[in-house]
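Asks: Have a look at this prediction, sequence included:
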Amino acid sequence: TYAYKSRYLFEVNARYDGSSRFAPESRWGFFPSFSGGWRVSEESFMQGSPFDNLKIRLSWGKLGNNSIGDYEWQATYSGSNYIFGDKLTSGLAQTVIANQKLRWESVTQTNIGLDFAILNNRLVGEFDIYNKVTDGILYRPGVYATMGNKTPARQNYAEVTNKGLEITLGWNDRIGSVSYGISGNFSYNKNEVTKYKGELVRGWQQNADGSSTYYTNLGEVSTGDLQRVLEGHMINEFYVLNVYKGNRNYFNADGTVNPKGGPSDGMIRTEDDMKWLQAMTDAGYKFYPKQGIGKSNIWYGDIIYADLDGDGIYGDDDDKDFQGYSKTPKYYFGFQTNLSWKGIDFSMNWAGAAGFKINWYQSGENSSITWFGYGMGKDVAYDHYFYDPENPNDPRTNLTSANPRLTMDKAAQVSASGQHILHNGNYLKLKNLTVGYTLPKDWVQKVCMQNVRVYVSGENLLTITKFKGIDPEMMSGVGYAPMRQYAFGVNVTF
């Protein structure tokens, strides 16, 4: 550690860690770090400037991770059954594939920051920009079934990069006998898998005979289902069908059906929408998963999906697409306030998140698929699409609802994994509110006390969100929500 006139600051640290979980030739890891700071406000040329404090920071550091099993670099044996003659016999077998080239997983982070204070330290702020790279991630990839029942070897397989910024601003002041403070914070993080199993390749390829075949290597270079891990994308990015979006110009000038002219929100709502769907079907286009028109197939109030690969089949597996969102927020933010006046104190803390989606389409809650013996969500029960072409004046008619028609078909059109199952999870929540009162000292000292404060507080009191599930902070449609709590207390100092 070095500091010169409290103006130039420098610190260096280094670790040399060893772990028996790695082979001798890769057992040790060197993990250095350094940080430097320049207090610009202490320079002579800053005299008379509005800054009470101005500091520039730079840091770089590296850490290691060895969170794996104890003997994964060695070939180990364990009990295993095998056939000897016509009998099942106990024996020993190598059940785990070894990897002597295992090494430390490393996390390298670079950070550039700025601290400032102006107006007699009433306004303070911090700005940070960072780049965090996790390299050599210890991961156990899959192996082909020809390897039998052996557990695949763990490898230093992947790399993940996180880039972002963090901002904090605060104001503290006093007006007469009132002291108050306001602060706010904001952060943004971009998460990306920068190395995994290779890049995604998908598209139409020309065959030797002149025909075309759609090819994708998705299954080879990614893992997951509705949330997938793929190089060049965020971790666990949602991968679902896009809902069809048309321009409602159902037919071309020559009378042929217009593939781009269907319903604007993907739901078959009107008789014109149904005529278009029928014409598309007659022209040879297919709509998955039901592939037919009728009450037991695709009907008024059903959703259709986009044809991403352009093969004339709407809503098959090749039409799924990455959505640019996961269940992890891209943005976090919050603000805090405090105030005190003649023994009365007040504080509250707000926190929120944005830039994420929640996978929620649950029977008995918000799904339009109903099951015998199950309840039904109130919002769906009282607001769902309904239209009977044989009785257009039915009082139950509802052509504008965002909720599809009710059905008892578990394999209905809405059962497909499409964008309709993803919901905006953005929220702002009042995490804590506290009001207290400190009794005058001349009162409490009469009973041999130094200080007495009574207070009442509440947690998770209010959530501002468009999400209709239990609580968006869970980042899930079902589960245990954060508790709303109230407390009353007394702090006594003798």
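Replies: Received it, and whenever you're ready, just let me know what you need. Residues are numbered from 1 along each chain as shown.

Asks: Only C-alpha atoms from now on, for both contacts and neighbour counts.
Replies: Noted.

Asks: And the strands in the stretch 251-400 of the chain?
Replies: 286-287, 313-314, 320-322, 331-341, 344-354, 357-359 (DSSP state E, counting those that start in this stretch).

Asks: And those: which comes nearest Gln74?
Replies: Smallest distance to Gln74 across the strands of the stretch 251-400 of the chain (Cα to Cα): 38.9 Å, for strand 320-322.

Asks: which residues sit against that closest one?
Replies: 237-242, 308 (Cα atoms under 8 Å, 6 or more residues apart in numbering).

Asks: Out of the strands of the stretch 251-400 of the chain, the one nearest Tyr2 is which?
Replies: strand 331-341 (34.9 Å).

Asks: Neighbouring strands of the closest one in the sheet, and parallel or not?
Replies: strand 178-195 (antiparallel), strand 344-354 (antiparallel) (DSSP bridges).

Asks: gap between Asp282 and Asn491?
Replies: Distance of Asp282 to Asn491, computed by Cα to Cα, to the nearest Å: 78 Å.

Asks: mind checking which of the strands of the stretch 251-400 of the chain is nearest Pro141?
Replies: Nearest of the strands of the stretch 251-400 of the chain (Cα to Cα): strand 320-322, 22.1 Å.

Asks: in its sheet, what does that closest one sit against?
Replies: By DSSP bridges, strand 320-322 pairs with strand 237-241 (antiparallel).

Asks: Would you map the helices across this structure?
Replies: Per DSSP state H, the chain carries helices over the ranges 218-221, 271-282, 378-382, 441-444.

Asks: Now tell me which of those the model trusts least on average.
Replies: Per-segment mean pLDDT for the helices of the chain reaches its minimum on helix 441-444, at a mean of 85.

Asks: List the buried residues for that helix?
Replies: Residues Val444 are the ones in helix 441-444 that count as buried (16 or more other Cα atoms under 10 Å).

Asks: Same check on stretch 4-24?
Replies: 9-10, 19, 21-23.

Asks: mean confidence score for that stretch?
Replies: Mean pLDDT, computed over stretch 4-24, is 93.

Asks: what's in contact with that stretch?
Replies: Applying Cα under 8 Å, 6+ apart, the external contacts of stretch 4-24 come out as 1-3, 27-40, 42-43, 66, 68-74, 100-104.

Asks: List only buried entries from those residues.
Replies: Using 16+ other Cα under 10 Å as the burial test, the contacts of stretch 4-24 include 27-29, 31, 33-40, 42, 66, 72-74, 100, 102-104 as buried.

Asks: one step back: in JSON lines: the strands of the stretch 251-400 of the chain, plus mean neighbour count, distance to Pro50 and mean pLDDT.
Replies: Putting the strands of the stretch 251-400 of the chain into JSON lines (neighbours: other Cα atoms under 10 Å; distance: least, Cα to Cα, whole Å; pLDDT from 0 to 100) gives the following:
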{"stretch": "strand 286-287", "mean neighbour count": "22", "distance to Pro50": "66", "mean pLDDT": "97"}
{"stretch": "strand 313-314", "mean neighbour count": "23", "distance to Pro50": "63", "mean pLDDT": "97"}
{"stretch": "strand 320-322", "mean neighbour count": "19", "distance to Pro50": "49", "mean pLDDT": "97"}
{"stretch": "strand 331-341", "mean neighbour count": "18", "distance to Pro50": "25", "mean pLDDT": "97"}
{"stretch": "strand 344-354", "mean neighbour count": "19", "distance to Pro50": "30", "mean pLDDT": "97"}
{"stretch": "strand 357-359", "mean neighbour count": "24", "distance to Pro50": "43", "mean pLDDT": "97"}
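
Asks: what's the closest of the ones you listed to Asp128?
Replies: With distances scored as Cα to Cα, the stretch of those nearest to Asp128 is strand 331-341 (14.3 Å).

Asks: Spatially, which residue comes closest to Leu114, not counting chain neighbours?
Replies: Leaving aside its sequence neighbours, Leu114 sits nearest to Ile56 (Cα to Cα, 6 or more residues apart in numbering; 4.7 Å).

Asks: Oh, that last question was meant for Asp115, not what I typed.
Replies: Nearest to Asp115 is Glu126, by Cα to Cα, 6+ apart, at 4.6 Å.

Asks: Check Leu58 too.
Replies: Of all residues not flanking Leu58 in the chain, Ile112 sits nearest, at 4.7 Å (Cα to Cα, 6+ apart).

Asks: The one you found and Arg39, how far apart?
Replies: 14 Å.
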